[in-house]
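K.L.:
Sequence and predicted structure, then a few things I'm wondering about:
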Amino acid sequence: MSFQDIVNDSKARLDKALGHLSDHLRGIRTGRASPALVDNVRVDYYGTQTPLNQVASISVPEPRQLLIKPFDVSALKEIARAISKSDLGCSPQEDGKVVRLSLPPLSGDQRNKFAAKVKEMCEEARVVMRNVRRDANKAADTALKDHKMTEDDNKRAHTKIQELLKEYEGKVDDVQKKKTAEIMEH
(Lines give C-alpha, C1' and ligand atoms only; values in the text may rest on other atoms or scores of the structure.)
Protein backbone atom coordinates (compact mmCIF):
# COMPACT_ATOMS: atom_id res chain seq x y z
CA MET A 1 0.00 0.00 0.00
CA SER A 2 1.23 3.47 -0.81
CA PHE A 3 1.22 6.46 1.54
CA GLN A 4 -1.88 7.93 -0.16
CA ASP A 5 -3.75 4.58 -0.14
CA ILE A 6 -3.25 4.24 3.61
CA VAL A 7 -4.36 7.84 4.28
CA ASN A 8 -7.42 7.53 1.99
CA ASP A 9 -8.44 4.21 3.56
CA SER A 10 -8.07 5.70 7.05
CA LYS A 11 -10.14 8.75 6.13
CA ALA A 12 -12.91 6.54 4.69
CA ARG A 13 -12.98 4.38 7.84
CA LEU A 14 -13.02 7.45 10.10
CA ASP A 15 -15.91 8.92 8.07
CA LYS A 16 -17.77 5.64 8.41
CA ALA A 17 -17.25 5.59 12.21
CA LEU A 18 -18.51 9.18 12.51
CA GLY A 19 -21.55 8.39 10.34
CA HIS A 20 -22.33 5.32 12.43
CA LEU A 21 -22.18 7.42 15.61
CA SER A 22 -24.48 10.07 14.13
CA ASP A 23 -27.00 7.41 13.06
CA HIS A 24 -27.10 5.89 16.54
CA LEU A 25 -27.38 9.27 18.28
CA ARG A 26 -30.50 10.11 16.25
CA GLY A 27 -32.34 7.39 18.17
CA ILE A 28 -31.66 9.01 21.56
CA ARG A 29 -34.52 11.10 22.86
CA THR A 30 -34.22 14.83 23.26
CA GLY A 31 -36.92 17.26 24.32
CA ARG A 32 -38.72 17.11 20.98
CA ALA A 33 -40.22 14.40 18.81
CA SER A 34 -38.36 13.11 15.77
CA PRO A 35 -39.13 10.21 13.40
CA ALA A 36 -35.56 9.01 14.06
CA LEU A 37 -36.62 8.05 17.61
CA VAL A 38 -38.37 4.97 16.22
CA ASP A 39 -35.70 4.05 13.64
CA ASN A 40 -34.58 1.07 15.72
CA VAL A 41 -38.10 -0.23 16.43
CA ARG A 42 -38.79 -3.56 14.72
CA VAL A 43 -42.34 -4.75 14.07
CA ASP A 44 -43.36 -8.41 13.77
CA TYR A 45 -44.95 -8.09 10.32
CA TYR A 46 -46.21 -11.45 9.06
CA GLY A 47 -43.53 -13.29 11.04
CA THR A 48 -40.64 -11.05 9.97
CA GLN A 49 -38.96 -8.43 12.15
CA THR A 50 -39.38 -5.37 9.92
CA PRO A 51 -38.20 -1.78 10.58
CA LEU A 52 -41.15 0.41 11.58
CA ASN A 53 -40.49 2.92 8.80
CA GLN A 54 -41.06 0.13 6.24
CA VAL A 55 -44.56 -0.69 7.50
CA ALA A 56 -45.79 2.82 8.35
CA SER A 57 -45.35 6.50 7.63
CA ILE A 58 -44.06 8.51 10.58
CA SER A 59 -44.77 12.22 11.02
CA VAL A 60 -44.46 14.89 13.71
CA PRO A 61 -47.78 16.80 13.96
CA GLU A 62 -46.75 18.53 17.21
CA PRO A 63 -43.34 19.11 18.88
CA ARG A 64 -43.91 16.32 21.44
CA GLN A 65 -45.94 13.89 19.36
CA LEU A 66 -45.29 11.26 16.70
CA LEU A 67 -48.05 10.08 14.38
CA ILE A 68 -47.55 6.60 12.93
CA LYS A 69 -49.87 5.62 10.09
CA PRO A 70 -49.49 1.98 8.98
CA PHE A 71 -49.57 1.19 5.27
CA ASP A 72 -51.51 -1.96 6.21
CA VAL A 73 -54.10 -1.33 8.98
CA SER A 74 -53.87 -4.98 10.08
CA ALA A 75 -50.34 -4.22 11.38
CA LEU A 76 -51.64 -1.59 13.83
CA LYS A 77 -51.66 -3.89 16.89
CA GLU A 78 -48.15 -5.21 16.16
CA ILE A 79 -46.84 -1.64 15.73
CA ALA A 80 -48.33 -0.63 19.09
CA ARG A 81 -46.86 -3.77 20.72
CA ALA A 82 -43.38 -3.11 19.26
CA ILE A 83 -43.42 0.49 20.50
CA SER A 84 -44.52 -0.62 23.97
CA LYS A 85 -41.56 -3.05 24.13
CA SER A 86 -39.06 -0.39 22.99
CA ASP A 87 -37.13 1.79 25.43
CA LEU A 88 -38.83 5.04 24.39
CA GLY A 89 -40.52 5.47 27.74
CA CYS A 90 -43.99 6.26 26.42
CA SER A 91 -47.09 4.24 25.68
CA PRO A 92 -48.77 4.33 22.27
CA GLN A 93 -52.43 5.30 21.79
CA GLU A 94 -54.18 3.74 18.83
CA ASP A 95 -57.54 4.75 17.36
CA GLY A 96 -58.02 2.01 14.76
CA LYS A 97 -56.23 3.87 11.96
CA VAL A 98 -53.11 5.46 13.45
CA VAL A 99 -50.84 5.19 16.49
CA ARG A 100 -50.04 8.36 18.41
CA LEU A 101 -47.01 8.66 20.63
CA SER A 102 -47.10 11.55 23.07
CA LEU A 103 -43.64 12.09 24.46
CA PRO A 104 -43.68 13.26 28.06
CA PRO A 105 -41.16 15.93 29.04
CA LEU A 106 -37.86 14.43 30.19
CA SER A 107 -37.12 14.52 33.90
CA GLY A 108 -33.73 15.68 35.15
CA ASP A 109 -32.71 12.06 35.84
CA GLN A 110 -33.73 10.96 32.35
CA ARG A 111 -31.81 13.86 30.80
CA ASN A 112 -28.68 12.91 32.78
CA LYS A 113 -29.10 9.24 31.82
CA PHE A 114 -29.42 10.09 28.12
CA ALA A 115 -26.45 12.50 28.32
CA ALA A 116 -24.36 9.72 29.91
CA LYS A 117 -25.43 7.34 27.12
CA VAL A 118 -24.34 9.92 24.52
CA LYS A 119 -20.96 10.26 26.25
CA GLU A 120 -20.54 6.48 26.29
CA MET A 121 -21.43 6.14 22.59
CA CYS A 122 -19.00 8.93 21.69
CA GLU A 123 -16.22 7.25 23.66
CA GLU A 124 -16.91 3.98 21.79
CA ALA A 125 -16.57 5.92 18.51
CA ARG A 126 -13.24 7.35 19.68
CA VAL A 127 -12.00 3.82 20.45
CA VAL A 128 -13.01 2.69 16.96
CA MET A 129 -11.14 5.67 15.51
CA ARG A 130 -8.01 4.87 17.51
CA ASN A 131 -8.20 1.32 16.17
CA VAL A 132 -8.27 2.78 12.65
CA ARG A 133 -5.09 4.70 13.52
CA ARG A 134 -3.44 1.54 14.87
CA ASP A 135 -4.34 -0.44 11.73
CA ALA A 136 -3.11 2.33 9.42
CA ASN A 137 0.18 2.66 11.31
CA LYS A 138 0.62 -1.11 11.15
CA ALA A 139 -0.03 -1.04 7.38
CA ALA A 140 2.53 1.75 6.94
CA ASP A 141 5.12 -0.15 9.00
CA THR A 142 4.48 -3.32 6.99
CA ALA A 143 4.90 -1.40 3.73
CA LEU A 144 8.20 0.03 5.04
CA LYS A 145 9.42 -3.44 6.04
CA ASP A 146 8.46 -4.85 2.61
CA HIS A 147 10.36 -1.97 0.93
CA LYS A 148 7.14 -0.64 -0.65
CA MET A 149 7.46 2.67 1.20
CA THR A 150 10.38 4.91 2.09
CA GLU A 151 11.16 5.90 5.68
CA ASP A 152 10.15 9.48 4.91
CA ASP A 153 6.77 8.33 3.55
CA ASN A 154 6.34 6.12 6.61
CA LYS A 155 6.90 9.07 8.94
CA ARG A 156 4.58 11.25 6.82
CA ALA A 157 1.92 8.53 6.98
CA HIS A 158 2.15 8.28 10.78
CA THR A 159 1.95 12.07 11.10
CA LYS A 160 -0.97 12.43 8.64
CA ILE A 161 -2.90 9.60 10.31
CA GLN A 162 -2.43 11.24 13.72
CA GLU A 163 -3.66 14.56 12.28
CA LEU A 164 -6.71 12.83 10.82
CA LEU A 165 -7.45 11.15 14.15
CA LYS A 166 -7.26 14.49 16.00
CA GLU A 167 -9.56 16.09 13.40
CA TYR A 168 -12.16 13.32 13.73
CA GLU A 169 -11.95 13.22 17.53
CA GLY A 170 -12.72 16.95 17.40
CA LYS A 171 -15.79 16.19 15.25
CA VAL A 172 -16.92 13.58 17.79
CA ASP A 173 -16.50 16.17 20.58
CA ASP A 174 -18.66 18.63 18.60
CA VAL A 175 -21.34 15.99 18.00
CA GLN A 176 -21.31 15.07 21.70
CA LYS A 177 -21.64 18.72 22.83
CA LYS A 178 -24.47 19.39 20.39
CA LYS A 179 -26.47 16.27 21.30
CA THR A 180 -25.94 16.80 25.05
CA ALA A 181 -27.14 20.40 24.69
CA GLU A 182 -30.28 19.17 22.85
CA ILE A 183 -30.99 16.70 25.63
CA MET A 184 -30.46 19.23 28.42
CA GLU A 185 -32.55 22.05 26.92
CA HIS A 186 -36.04 22.33 28.39
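P.N.:
Everything's here; your move.
K.L.:
would Val43 count as being in a strand?
P.N.:
Yes. Checked against DSSP: H, G, I helix; E, B strand; the rest coil, Val43 lies within a strand.
K.L.:
ok, and the closest non-adjacent residue to it?
P.N.:
Ala82 (4.5 Å; Cβ to Cβ, 6 or more residues apart in numbering). Quick note: C-beta positions are derived from backbone N, CA and C, even for glycine.
K.L.:
Just the helices from this protein, written as ranges.
P.N.:
3-26, 76-85, 108-145, 151-184 (DSSP state H).
K.L.:
Which of those helices sits closest to Val98?
P.N.:
Among those, the nearest to Val98 by Cβ to Cβ is helix 76-85 (8.0 Å).
K.L.:
about what we covered before: the helices of the chain into a markdown table, with extra columns for mean pLDDT, distance to Val43 and mean neighbour count?
P.N.:
Output for the helices of the chain, formatted as a markdown table (pLDDT from 0 to 100; distance: least, Cβ to Cβ, whole Å; neighbours: other Cβ atoms under 10 Å):
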| stretch | mean pLDDT | distance to Val43 | mean neighbour count |
| --- | --- | --- | --- |
| helix 3-26 | 90 | 19 | 16 |
| helix 76-85 | 85 | 5 | 17 |
| helix 108-145 | 92 | 24 | 16 |
| helix 151-184 | 92 | 27 | 16 |
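K.L.:
Distance to Asp44 for these - can I get that in JSON lines?
P.N.:
JSON lines is the format used below for these (distance: least, Cβ to Cβ, whole Å):
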{"stretch": "helix 3-26", "distance to Asp44": "23"}
{"stretch": "helix 76-85", "distance to Asp44": "5"}
{"stretch": "helix 108-145", "distance to Asp44": "26"}
{"stretch": "helix 151-184", "distance to Asp44": "30"}
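K.L.:
Compare those and give me the one nearest Pro63.
P.N.:
The nearest among those, by Cβ to Cβ, is helix 151-184 at 12.9 Å.
K.L.:
tell me the angle the closest one makes with helix 3-26.
P.N.:
Between helix 151-184 and helix 3-26, the angle comes out at 10 degrees (axes from the mean of the first three to the mean of the last three Cα atoms, to 10 degrees).
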